[in-house]
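Engineer: Predicted model follows, preceded by the sequence.
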Amino acid sequence: MNLKFHLLSRIVLIAGTCLVATTAYVLYQADQQAILETQVTAESIDKQLELQLVHIDAGFAQPERFPDFNLWKETSTASGVCISYLSTIDSLRRNICNGAKITSRSWPIWFASFYQWAFHPGLEVVRPVEFKGRIHGSVMVAPSAEMGIASAWQNIRGLMGLSASTTLALCLLVYFTISRVLRPAQVIVTGLEKMEKGELSFRLPVFELDEWQRTGKAINQLAASLEQLLSERKKLALKLMNIQEEERRYLARELHDEFGQCLAAINAVAASISQTAENECPELVPEGKKISRIVHHMMESIRGLLLRLRPSDIDELGLTVSLKSLVAGWNASSGGKIHYSLAVHDDLDRLPEPIPVTIFRIVQECLTNVSKHSAATNAKVTLRAVSENNSITTIELSIEDNGKANKLPFEDSPGIGLLGIRERVTAIGGRLTLNTGNPSGLAVHIWLPVQSLSETQT
């Protein structure tokens, strides 16, 4: 959940809880205040009636005017209160109300139902009127329920308006404050996404808050360490590739110079033995020819091994000719089952080392995989260069076939061939992607940077 909306929801929840609690307290206090006012009114009227009885007993007032509520009506400020007097002597009953009735209701029905259920507004208060130890009657004071509901709703409406405006102001303040405080978080996320894509040279700016500043500093240090580590790893991989190629050159020379010469000598001796045996010992002629066939097979095997160890065409004739020779060899060995084609769109014979050997090895491995695993009928190798300011910056290599592959469960496969290709591409700082064709087949796309490699070697 978004942090801003999470905090706002918490604020609204807390504000709502506080509003409910405050509302309950205000309603309770309003009900208690109404009850207290009713009791005070009843006590005041009781005293006025007792005073009237004193005056009647002393002969200063007429008994037929008892009870007289005019004094209370003139001095009372309570509105919506009704008073009833019930005499216990002559069953006299007199009623009087103060204040007009409410003509329009401003409160909702649900509030009136709830308030009447919870607090019982309009509850009567009864007090006996006693004089000289004798009870003359009783006074009943009944406040207006509608006036109580109206008063309570007026208090609650003001409280709700104040709470709503306060909560809204607080939410806006928190929202804009948190938005400003969290603004560096988006910058950090954007920077991490760039670093994830390989842009380790990107650095986060200096932030205003100390917490974000320490976070950005730690991320920049981590990016610098990773950049240095990858740079050292790239140099090490390039060095290992150069050492590997030197070892292959050495082995190729040794196989060619030593084993090749030895096999040629054995073949010459076998031919001499066969020629001599034709005159002196014809039984040895088949054995001599058998030795020649074995030597010929060994020489063919060594020739193929020499081609895999170090194709001489790359050093002597260049990358384009070497690839054409490689593709032609695969077409000759496939017996027409798979047609291999090559398209080179630029002059790529002056690329810095070890890019030519890397391209040749990748194409060699991919065509081997096509021959062994794809069940394809066509395979195409495409090579082109991307140039800027009359200098090659990137080499684009793609090897596509129409084989049986229709998904990529082997994209993260630990296979030696694909792993070797990945290691070569990563060592040069390139990028490798695998895609399936429509409806099937495999497409290997590789991008090799030339400019950055030249700067690294420099």
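Structural biologist: Right, received. Where do you want to start? Because the structure is predicted, anything quoted here is derived from the model rather than measured.
Engineer: Tell me how far the residue lying farthest from the centre of the chain lies from I359.
Structural biologist: Here the chain reaches farthest from its C-alpha mean at G59, the gap being 94.9 Å by C-alpha atoms, centre = their mean. Per C-beta to C-beta, to the nearest Å, G59 is found 134 Å from I359. From N, CA and C alone the C-beta is placed, and that goes for glycine too.
Engineer: give me the low-pLDDT residue ranges for the stretch 101-250 of the chain?
Structural biologist: Scanning the stretch 101-250 of the chain for pLDDT under 70 picks out the ranges 101-104.
Engineer: can you give me the strands for it?
Structural biologist: 125-131, 134-143 (DSSP state E, counting those that start in this stretch).
Engineer: Among these, show me which one is buried the most.
Structural biologist: strand 134-143 (a mean of 18; mean count of other C-beta atoms under 10 Å).
Engineer: What is the neighbour count of L367?
Structural biologist: Per other C-beta atoms under 10 Å, the neighbour tally for L367 reads 22.
Engineer: Correction: the previous question concerned G288.
Structural biologist: Counted with other C-beta under 10 Å, residues neighbouring G288 total 19.
Engineer: Kindly report the same for C281.
Structural biologist: Around C281 sit 11 other residues, with neighbours defined as other C-beta under 10 Å.
Engineer: now swap in A24 and tell me
Structural biologist: The burial count for A24: 11, using other C-beta under 10 Å.
Engineer: just the one 3 residues further on next, same as before
Structural biologist: L27 is flanked by 20 other residues according to other C-beta under 10 Å.
Engineer: Quickly find the element holding it.
Structural biologist: Here L27 sits within helix 3-58, counting by DSSP states H and E.
Engineer: Quickly list the domain ranges of this structure.
Structural biologist: 3-173, 198-310, 317-458 (automatic domain parsing).
Engineer: most packed of these?
Structural biologist: domain 317-458 (a mean of 16).
Engineer: And the average pLDDT for it is what?
Structural biologist: Here domain 317-458 scores 80 as its mean pLDDT.
Engineer: begin at 35 from here
Structural biologist: Sure, I'll start counting at 35 from here, so that last one is domain 351-492.
Engineer: Check whether L243 really touches P218, as I assumed.
Structural biologist: Yes: with contact defined as C-beta atoms under 8 Å, L243 reaches P218; the gap is 7.3 Å.
Engineer: Could you find the closest non-adjacent residue to A179?
Structural biologist: Closest residue in space to A179, ignoring its immediate chain neighbours: G156 at 3.2 Å, by C-beta to C-beta, 6 or more residues apart in numbering.
Engineer: how close does that neighbour sit to I183?
Structural biologist: The value you get for G156 to I183, if C-beta to C-beta is used, is 9 Å.
Engineer: tell me the phi and psi of the residue lying closest to S421 once chain neighbours are set aside?
Structural biologist: Using C-beta to C-beta, 6+ apart and skipping the chain neighbours, the partner closest in space to S421 is T427 (6.6 Å). The phi/psi pair for T427 (degrees, to the nearest 10) reads phi -110, psi -30.
Engineer: ok, now which ones touch T427?
Structural biologist: Counting by C-beta atoms under 8 Å, 6 or more residues apart in numbering, T427 touches V420, S421, P483, V484, Q485.
Engineer: and if you look at G294?
Structural biologist: Going by C-beta under 8 Å, 6+ apart, G294 touches M333, I336.
Engineer: the helices in the stretch 335-484 of the chain, which residues?
Structural biologist: For the stretch 335-484 of the chain, the helices defined by DSSP state H, counting those that start in this stretch occupy 346-350, 353-368, 389-403, 450-461.
Engineer: I'd like to know which of the ones you listed is closest to E281.
Structural biologist: Closest of the helices of the stretch 335-484 of the chain to E281 is helix 389-403, at 12.6 Å (criterion: C-beta to C-beta).
Engineer: Could you check how far the closest one is from the centre of its chain?
Structural biologist: Mean-position distance between helix 389-403 and its chain equals 39 Å (C-alpha atoms, centre = their mean, to the nearest Å).
Engineer: other SSEs contacting that helix?
Structural biologist: When contacts are defined as 3 or more C-beta pairs under 8 Å, 6 or more residues apart in numbering; DSSP states H and E, helix 389-403 packs onto helix 244-288, helix 346-350, helix 353-368, strand 412-422, strand 425-435, helix 450-461, strand 476-483.
Engineer: From the rest of the structure, what touches it?
Structural biologist: Contacts of helix 389-403 with the rest of the structure, by C-beta under 8 Å, 6+ apart, involve 275, 279, 342, 345, 348, 352-353, 356-357, 360-361, 364, 374, 382-383, 385, 413, 415, 417, 429, 431, 433, 451-452, 454-455, 458-459, 462, 478, 480, 482, 484, 487.
Engineer: now stretch 200-219
Structural biologist: L37, K38, L41, L42, I45, V46, A49, F241, E242, L243, W246, G250.
Engineer: so which pair among the residues you listed is furthest apart in space?
Structural biologist: Greatest spatial distance among the contacts of stretch 200-219 (C-beta to C-beta): A49 and G250, at 34.8 Å.
Engineer: about what we covered before: distance to D80 for the strands of the stretch 135-284 of the chain - can I get that in JSON lines?
Structural biologist: Output for the strands of the stretch 135-284 of the chain, formatted as JSON lines (distance: least, C-beta to C-beta, whole Å):
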{"stretch": "strand 159-165", "distance to D80": "5"}
{"stretch": "strand 168-177", "distance to D80": "6"}
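Engineer: Identify whichever of those lies nearest to F236.
Structural biologist: In terms of C-beta to C-beta, the element of these nearest to F236 is strand 168-177, at 75.2 Å.
Engineer: The closest one pairs with which strands, and in what direction?
Structural biologist: Here strand 168-177 is paired, per DSSP bridges, with strand 115-121 (antiparallel), strand 159-165 (antiparallel).
Engineer: Beyond the first one, next helix or strand please.
Structural biologist: By that I understand strand 115-121. Taking DSSP H and E, what comes next after strand 115-121 is strand 127-132.
Engineer: Also compute the angle for that next one relative to helix 37-92, please.
Structural biologist: Between strand 127-132 and helix 37-92, the angle comes out at 140 degrees (axes from the mean of the first three to the mean of the last three C-alpha atoms, to 10 degrees).
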